[in-house]
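In: show me the folded form of this:
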Amino acid sequence: MRLLALLGALAAPAAAQEADPAVARALIADAAAYDDACRGGSGDDADTWYACGARDYAGYALGLLGYCYVDADESFVPCARGGTRLSRPVAP
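Out: Numbers count the residues shown, from 1 in each chain. Next up, the predicted model:
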C-alpha cells in the first residue's frame, strides 16, 4: 500500500493542494484495501488496528485533496459531486 502517497498528501497545507488524479486513485485503492483489512481483522490484532487507522488517514488525505466519501456507494468522489469530507482522525 502506498503509505508514502498518503504522507505526501498530508504534508502540504490543504489550500496549496491540487488534486493529483494519480495520488487520489492510489489513496482510494489504499483506503479500500485498508477498509477490508480493518473490517475483516480480529479486534485484538495490532495489524487490524493499523489497518483501521491507515484507512481513516487515507480518507482524511482524500478530503484534503477534495474528495468526499459517499456512504451509499462506499466510495470517494470529488466533493463537488456530493458526499462527506472526512475529518482528521482522533487518537483513542
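
In: looking at the protein, which helix or strand is least sure?
Out: The weakest-scoring helix or strand in the chain, judged by mean pLDDT, DSSP states H and E, is helix 3-11 (a mean of 56).

In: can you show me the helices along this structure?
Out: 3-11, 21-40, 46-64 (DSSP state H).

In: distance to residue 80 added to the ones you listed, as TSV?
Out: Glycine gets a C-beta too; all of them are placed from N, C-alpha and C. TSV is the format used below for the helices of the chain (distance: least, CB to CB, whole Å):
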stretch	distance to residue 80
helix 3-11	19
helix 21-40	13
helix 46-64	13
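
In: separation between the residue lying closest to residue 68 once chain neighbours are set aside and residue 72?
Out: In this structure, residue 68 finds its nearest non-sequential neighbour in residue 83, 3.1 Å apart by CB to CB, 6 or more residues apart in numbering. Relative to residue 72, residue 83 is positioned 9 Å away (CB to CB, to the nearest Å).

In: for stretch 49-63, buried residues please.
Out: Buried positions in stretch 49-63, judged by neighbour count with 16 or more other CB atoms under 10 Å: 51, 52, 54, 55, 56, 57, 58, 59, 60, 61, 62, 63.

In: and if you look at stretch 77-88?
Out: Judged by neighbour count (16+ other CB under 10 Å), stretch 77-88 contains these buried residues: 77, 79, 83, 86.

In: was I right to think the last one contacts residue 65?
Out: No: the pair residue 86 and residue 65 fails to qualify as a contact (CB atoms under 8 Å) at a distance of 11.3 Å.

In: returning to what we had before: the residue nearest to residue 68 reaches residue 66, doesn't it?
Out: No: using CB under 8 Å as the test, residue 83 is too far from residue 66 to be in contact (10.8 Å).
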